[in-house]
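Undergrad: Turn this into a model:
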Amino acid sequence: MSANLSGALRLTFLGTGDSAQTPAYGCDCLACERARQNEAYRRRPCSALLEAGGQRYLIDSGLVDLAERFPAGSLDGILQTHYHADHAQGLLPLRWGEGAPLPVFGPPDAEGFADLYQHHGPLDFSRPFKAFERRALGKPGQHFFVTAIPLTHSKITFGYLIESGDQKLAYLTDTIGLPDESATFLQPFRLDALILDCAYPPQLDRPRNHNDLTRALTDVRALNPVKTFLTHISHHLDVWLERHPLPNDFSSAITFARDGMVVEC
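TA: Model prediction:
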């Protein structure tokens with residue numbers, strides 16, 4: 001499944017679900033029953049594979065089968081948005097492996113997740129990002145740039161602005177709205193693709209940790225990207241979407257991402 005914007009950045013959604021995933025344990029809603037019957041409707045832990053400048057980076061590591069999906073030597077590093085379990089649990093078995101160090105870049109979270117820092121094995125946590133820090137990743141002449149974007153969540157969390165040549169992509173999950181400083185920083189960029197947290201249907205009250213659709217659309221209006229792909233989607237939102245279309249002014253520019261979907265720009 002591909003949403004092709006043609007170019008130097010390629011992002012594959014490995015998971016587009018929230019922490020419950022879809023199907024959710026014990027739930028018999030329309031979305032969960034559909035996902036049990038058809039693999040295409042499953043939503044695994046929110047994560048992606050970024051390919052740019054001849055490099056391959058995971059964005060988050062919540063999938064528990066990372067060793068099978070990505071054998072040693074097949075990744076250049078991992079970009080962690082934060083260290084909640086559904087975004088970091090896949091690192092637990094990797095740290096008992098062997099071989100060359102695998103860089104894990106993320107926010108400067110002193111607690112991290114479980115005892116990963118204490119028993120890190122080949123995982124290298126030594127170079128966390130600072131807020132709004134911009135780094136060149138990759139080989140000379142093939143590098144791309146990554147900037148850490150602070151987000152609003154219950155644990156210190158960064159999204160990432162990724163630039164390769166003239167192409168710009170922002171991956172912003174988990175968040176409830178955008179901090180003013182982050183929105184102001186991103187607005188001058190004409191994003192070719194925005195990947196944005198959208199866990200819930202429209203809510204009357206402000207959700208605790210993740211965007212509902214109303215707040216996600218507010219962020220889209222503020223950043224005005226060429227294309228938007230919503231992720232971190234709950235089974236509750238999937239059920240709501242069966243009965244409610246997007247507003248007409250958004251329907252052609254916004255895609256609700258699916259596991260396996262590819263974005264190129």
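Undergrad: Every contact and neighbour count from this point should use C-alpha atoms.
TA: Fine.
Undergrad: any chance you could map the strands in the stretch 151-265 of the chain?
TA: With DSSP state E, counting those that start in this stretch, the ranges of strands along the stretch 151-265 of the chain come out as 158-164, 167-172, 193-197, 227-231, 254-256, 262-264.
Undergrad: Leaving out the residues flanking it, which one is nearest to W96?
TA: G121 (5.7 Å; CA to CA, 6 or more residues apart in numbering).
Undergrad: what stretches of the stretch 1-150 of the chain score poorly on pLDDT?
TA: 1-7 (pLDDT under 70).
Undergrad: can you count the residues close to the closest residue to H119 other than its chain neighbours?
TA: Once flanking residues are discounted, H119 sits nearest to R95: 6.9 Å by CA to CA, 6+ apart. By the criterion of other CA atoms under 10 Å, R95 has 17 neighbours.
Undergrad: Distance of R95 relative to L50?
TA: Going from R95 to L50 by CA to CA, to the nearest Å gives 21 Å.
Undergrad: try Y83
TA: 19 Å.
Undergrad: contacting residues for C198?
TA: H210, N211, D212, L213, A216, L230, T231, H232, I233 (CA atoms under 8 Å, 6 or more residues apart in numbering).
Undergrad: Compute the distance between it and R134, please.
TA: 26 Å.
Undergrad: With C46 instead?
TA: From C46 over to R134 (counting by CA to CA), the distance is 24 Å.
Undergrad: now do P103
TA: 16 Å.
Undergrad: Tell me which of the two has more neighbours.
TA: Shown here are P103 and R134; by other CA under 10 Å, P103 has more neighbours (19 against 16).
Undergrad: Hmm, that one is touching L75, no?
TA: No: P103 lies out of contact with L75 (CA atoms under 8 Å); the separation is 9.4 Å.
Undergrad: For the stretch 1-150 of the chain, which segments are assigned as helices?
TA: Counting by DSSP state H, counting those that start in this stretch, one finds helices in the stretch 1-150 of the chain at the ranges 30-37, 66-69, 85-88, 91-94.
Undergrad: closest one to R10 among the ones you listed?
TA: Ranking the helices of the stretch 1-150 of the chain by proximity to R10 (CA to CA) places helix 66-69 first, at 17.5 Å.
Undergrad: now the closest one, how far from the centre of its chain.
TA: 18 Å (CA atoms, centre = their mean, to the nearest Å).
Undergrad: what's in contact with it?
TA: Contacts of helix 66-69 (CA under 8 Å, 6+ apart): G90, L94.
Undergrad: in it, what's buried?
TA: Residues of helix 66-69 classed as buried by neighbour count (16 or more other CA atoms under 10 Å): L66.
Undergrad: before we move on, what about stretch 190-206?
TA: Neighbour-count burial for stretch 190-206, with 16+ other CA under 10 Å as criterion, is recorded at 190-202.
Undergrad: what's the first-to-last distance across it?
TA: Termini of stretch 190-206 sit 28 Å apart (CA to CA).
Undergrad: What of stretch 16-35?
TA: 13 Å.
Undergrad: What are the contacting residues of that stretch?
TA: 36, 41-47, 86, 199, 231-236, 238-239, 257-259.
Undergrad: Repeat that for stretch 114-129.
TA: If you take CA under 8 Å, 6+ apart as the criterion, stretch 114-129 is touched by 91-92, 94-108, 148.
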